[in-house]
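A.B. asks: Pasting a predicted model and its sequence here:
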Amino acid sequence: MGEPRKVLVQALDVAISGNISTAPASKPTRGWLRAARKALHMTQSQMAKRLGMKQQAYANIEVREQTERVSLETLRRAAGALDCDLIYALVPKKAIAATFTELSAKYDPDLGLRKATEHSMALEGQVPRLPAPKSEPE
């Protein structure tokens, strides 16, 4: 795996470790927005007012979320109105890989060739090195 890509994959691992359970979450039957709104004892009219829209427009958002046809932008705005953060993530399935590093290795068609090349280069004392970071002018 190329060094920049490796760094990005490792950053994904760090970003999700400890923050998101890899156990599948069961989505509420009527959707997360409705469940959160009801938990806060809010009506659709109250949510609509917070979002600056009519009650029916907000009701449509809940329907679209329930049928998985809502945009991330809309979910983010609704989450904000509920004083929540929207967390959007792709989490490797445990059966496939525990981390993005493992997932990347599993689906990287060039991994074997790269490992063989790196091994040969190391034997010849040609370990690939990253260029030194450029210093910024003062």
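C.D. replies: The structure has been received and is ready for your questions. Everything numeric here is computed off the predicted structure, so don't read it as measured data.

A.B. asks: Could you list the domains of the protein?
C.D. replies: 3-20+90-123, 32-81 (automatic domain parsing).

A.B. asks: Relative to residue 26, which of the ones you listed is closest?
C.D. replies: The minimum distance between residue 26 and these falls on domain 32-81, with 11.0 Å, by CB to CB. Quick note: C-beta positions are derived from backbone N, CA and C, even for glycine.

A.B. asks: hmm, back to that, tell me the most buried of the domains of the chain?
C.D. replies: domain 32-81 (a mean of 15; mean count of other CB atoms under 10 Å).

A.B. asks: where exactly do the helices run in the chain?
C.D. replies: With helices called from DSSP state H, the chain shows them at 3-16, 32-39, 44-51, 55-66, 72-81, 100-107, 111-123.

A.B. asks: picking that back up, could you export the domains of the chain as TSV, including distance to residue 26?
C.D. replies: Output for these, formatted as TSV (distance: least, CB to CB, whole Å):
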stretch	distance to residue 26
domain 3-20+90-123	15
domain 32-81	11
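
A.B. asks: weakest of those by average pLDDT?
C.D. replies: Lowest mean pLDDT within the domains of the chain: domain 3-20+90-123, at a mean of 71.

A.B. asks: on that earlier part again, same list, the helices of the chain, but as a markdown table with distance to residue 87 please.
C.D. replies: As requested, the helices of the chain are exported to a markdown table (distance: least, CB to CB, whole Å):
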| stretch | distance to residue 87 |
| --- | --- |
| helix 3-16 | 10 |
| helix 32-39 | 11 |
| helix 44-51 | 20 |
| helix 55-66 | 15 |
| helix 72-81 | 9 |
| helix 100-107 | 16 |
| helix 111-123 | 30 |
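
A.B. asks: what sits against residue 51?
C.D. replies: 58, 77, 78, 81 (CB atoms under 8 Å, 6 or more residues apart in numbering).

A.B. asks: Reformat these as a markdown table; add distance to residue 33.
C.D. replies: Below are the contacts of residue 51 laid out as a markdown table (distance: CB to CB, whole Å):
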| residue | distance to residue 33 |
| --- | --- |
| 58 | 9 |
| 77 | 11 |
| 78 | 5 |
| 81 | 9 |
